[in-house]
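**Student:** here is my input, please return the structure:
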Amino acid sequence: MRKRLLLAALAALSLALVATTASARPTAGEQADSITVWLMSDAQANWPGAVSAANTAFRAKHPGIAVNVEYQSWGDYKTKFEATLTSGGPDVLEFGNTDVPKYSAAGALAPLSKAAFPNSSTWLGGLTKAGSYNGKLYAVPYYAGARGVIYRKDQYKQAGITKVPKTLAEFNAANAKLMATFGKTNKNYSAVYFPGRYWYAAMSFVHDYGGSIAVRQGGKWVGALNSPRSLAGLTAWRNIARSYSRANVSGDEAHPQQALVFAKGNVGSFIGNGWEWPYALDKKLGNPKLADKIGAYPMPSHLKGRYMPTFLGGSNLGVPVTSQNKTLAQDWIAAFTSTANMTRMARLGGVIPNTTSLAAINKSKPTLAPFAEAAKYSWFVPSTPNWANVESANVLQTMLVGILRNPKQQTQLATAASKRISEILNAGS
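**Tutor:** Take a look at the predicted model:
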C-alpha cells in the first residue's frame with residue numbers, strides 16, 4: 001500500500017518539475033536563502049559537532065545561505081517524507097540503507113555525481129550498493145555498523161586457543177576445541193551460537209564463496225542460491241551450524257536475543273553487531289561480570305588474508321527529487337561526509353565511517369576496531385524495492401531451517417528458494 005501511495009504521489013508531480021529536478025546539475029531556480037536537512041536524532045545525540053562543522057564549511061562556500069537541520073525519528077520519517085513529495089520537503093534526507101532502493105526505484109531521489117563527494121573511491125561496499133540503483137548513485141554512504149565474532153576470551157584460553165582465528169579453517173578448529181572442552185559435559189553448550197533463521201550471517205558465507213542471493217540477467221532478477229558457489233557457501237555455513245551450535249534451529253538472532261543468551265555462559269562466541277557486545281553486559285538483562293572476559297574479531301574468510309563479507313547496517317544521505325536546491329544539497333552532503341567529519345563521528349559516536357581509508361580511527365577501541373575492520377568486506381541485498389517482499393515471505397529463513405533439518409536436500413531447497421526469489425523480485429516488471 002505504501003509503495004502505491006508513493007508512486008501515486010510521484011505521478012502527481014508536473015513534468016516540468018521532474019525535468020528541472022531530476023539531476024544534480026545547477027538550475028535557474030537555485031537561488032534559495034536556505035536549505036533544509038533532515039537527519040535522524042542519532043546525529044543530534046552523538047555528534048552535534050559534526051553537524052555544526054558541516055554547516056560552517058557549507059556557509060563558507062555559500063555565504064548567506066542558511067542550513068535548517070531538523071531531527072527526525074526512525075519510526076515515522078518515511079511517512080513524513082512521502083507526505084512531502086508533492087509539496088516541498090527537505091533538500092537532504094537521511095535514510096536507513098535498506099530503505100534507499102525503494103525510493104530510488106520509485107523516482108523519489110535525484111541522481112548524484114559520485115565524483116562530487118570525498119573518499120568515494122574507498123566508500124564501504126555495502127553502503128555504496130545500498131545507495132545505487134541501475135548503475136546510478138542516489139544516496140551517499142554516511143556511517144555503518146558491522147558484524148564480527150564476539151567471543152569469551154576465558155573460554156578460548158581454557159580450550160587452548162592461543163590466538164584468534166585468521167581463516168575459516170582456524171575458526172572451525174577453535175570451535176572443535178571449545179566443544180571438546182565444554183560441550184561434552186554441557187549438552188546445551190554452543191561453541192558458536194548460530195540460530196537457524198539468522199540469514200544475515202548465513203548469507204555472508206554465500207558471498208564469501210563468491211555466490212549471490214540473486215543476480216541480474218537479461219534485465220531480470222534470477223535467484224542464484226543454487227549456483228555452485230552459493231551452494232559451497234551454504235555447505236560451509238551448514239557444517240558450522242550443525243556441528244558447533246546448539247541454538248534453536250527455528251529461532252533467529254533476536255528471538256531470543258543472542259547477546260543475552262551469550263551472557264548466560266553456555267556460548268563461546270556468536271556473530272553479532274558491535275552494539276551487541278555492551279548489550280551482553282547490561283546490568284538488568286545481561287551479565288556485567290563478563291566485562292573483562294569478552295573480545296571480538298572479524299569473521300575470517302575461507303580465503304587467507306581476507307575477512308568474511310558482512311552485511312552492513314547504517315545510513316545513507318539522499319536528495320529528494322522535489323528539492324529545488326539540488327546542487328546546494330549535494331554540497332552540504334559533501335561537507336558533512338568530509339574526511340574530517342567522518343573522523344569526528346567515529347571518535348565521538350563510535351560508528352564506522354563511510355570509507356575504508358579511515359578504519360584505523362577505531363584501532364584503539366577494542367569494542368569498535370574489530371567491527372571497523374570487518375566492514376572492509378561487505379555485501380548488500382539485491383537493489384530492488386521488491387526485496388522487502390522476499391524478507392516478508394521468509395524465503396531465506398525457510399530454506400535455512402530446511403537445510404539444517406534435511407542437509408541432503410540442500411540443493412533442492414536452494415533451487416526452490418531461488419525460484420521463489422526470482423518470482424518475487426520480478427513481480428510487476
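**Student:** what's the pLDDT at K153?
**Tutor:** At K153, the model reports a pLDDT of 98.
**Student:** hang on, it packs against K293?
**Tutor:** Yes - taking Cβ atoms under 8 Å as the contact criterion, K153 and K293 are neighbours in contact, 5.5 Å apart. In short, each C-beta sits where N, CA and C put it, glycine included.
**Student:** show me how the record splits this protein into domains.
**Tutor:** As assigned by automatic domain parsing, the chain contains the domains 2-145+312-368, 147-311+383-426.
**Student:** for those, which one sits closest to K376?
**Tutor:** Counting by Cβ to Cβ, K376 lies closest to domain 2-145+312-368 out of the domains of the chain; the figure is 5.0 Å.
**Student:** what about A247, distance to N97?
**Tutor:** Look at A247 and N97: by Cβ to Cβ, to the nearest Å, they are 27 Å apart.
**Student:** looking at these two, which is more packed in?
**Tutor:** Summary of the neighbour comparison: A247 and N97, criterion other Cβ atoms under 10 Å, with N97 having more neighbours (27 against 24).
**Student:** state the phi and psi torsions of the nearest residue to the more buried one once chain neighbours are set aside.
**Tutor:** With Cβ to Cβ, 6 or more residues apart in numbering as the criterion, N97 has its nearest non-adjacent residue at 3.8 Å, and that residue is A130. As for A130, its main-chain torsions (degrees, to the nearest 10) stand at phi -60, psi -40.
**Student:** what count of nearby residues applies to A130?
**Tutor:** Count around A130 with other Cβ under 10 Å applied: 30.
**Student:** go on, the one 3 residues further on?
**Tutor:** The number of residues packed around Y133, counting by other Cβ under 10 Å, is 22.
**Student:** which helices and strands does the one helix or strand R344 maps to pack with?
**Tutor:** Applying DSSP states H and E as the criterion places R344 in helix 339-349. When contacts are defined as 3 or more Cβ pairs under 8 Å, 6 or more residues apart in numbering; DSSP states H and E, helix 339-349 sits against helix 41-46, helix 48-61, strand 139-145, strand 352-353.
**Student:** the second one: what's the following helix or strand?
**Tutor:** Of the helices and strands lying after helix 48-61 in sequence (DSSP H and E), the nearest is strand 66-72.
**Student:** could I have the helix or strand that comes right after that following strand exported to CSV, CA atoms only?
**Tutor:** Sequence-wise, the next helix or strand beyond strand 66-72 is helix 77-83, with elements assigned using DSSP H and E. The C-alpha coordinates for helix 77-83 follow below in CSV (Å, rounded to 0.1, in the frame of the first residue of the first chain):
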residue,chain,number,x,y,z
TYR,A,77,10.5,9.6,8.9
LYS,A,78,9.4,7.7,5.8
THR,A,79,5.7,8.6,6.3
LYS,A,80,6.7,12.2,6.8
PHE,A,81,8.9,12.2,3.7
GLU,A,82,6.2,10.6,1.5
ALA,A,83,3.8,13.3,2.6
